[in-house]
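>>> predicted model, plus sequence, below.
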Amino acid sequence: MKLCLAALGRGDWVKIKCKRRDAFIVVGYEAAGDSIRSLLLAARKGENDLVYVGSVGTGFSQVVARELKALLDLLMVKKPPIPMRSGTSVLFTQPTLIVEVEYRAWTHDGKVRHPSYKGLLEVQDNAAIYRVDSYSPVEG
């Protein structure tokens, strides 16, 4: 979904901010003590594949971050469920949870730009998960 907001500026110009909102699968998280620093996100590609599309580290309160960590700790796995980078504080999870994320655009390498967490989706409707199929998601 794409939402554009216009704000009148000084003079004769109009600044337009386009925001998109889609569902992504959580494939891991970056730990920060008893909380999380960011969620690692994936989108569908083809019939059964997932592809890493970046991480989201804003939009959740400290309370929500601790709740997400407790939930994700129950889904932890040793190996990443998809090919991706890893760091010392990165933990991987089963690709089970679906989150809604607002973002501005896609980067040239297929990652979400300026993502913000909007919530955990209760109904895990796989049809709603963002799809990166034969085209590149990069749209500026």
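Great, that's in hand. Numbers count the residues shown, from 1 in each chain.

>>> where in this protein is pLDDT low?
1-13, 123-127, 134-140 (pLDDT under 70).

>>> tell me where it has strands.
Shown for the chain, the strands assigned by DSSP state E span residues 2-8, 14-32, 35-45, 49-56, 76-77, 90-93, 98-103, 105-106, 112-113, 116-120.

>>> so how far is stretch 31-48 from its chain's centroid?
Mean-position distance between stretch 31-48 and its chain equals 7 Å (C-alpha atoms, centre = their mean, to the nearest Å).

>>> scratch that, stretch 114-125
Distance, stretch centre to chain centre, for stretch 114-125: 8 Å (C-alpha atoms, centre = their mean).

>>> now that stretch: buried residues?
Across stretch 114-125, burial judged by 16 or more other C-beta atoms under 10 Å covers 115-118, 120. C-betas here are computed from N, CA, C, even on glycine.
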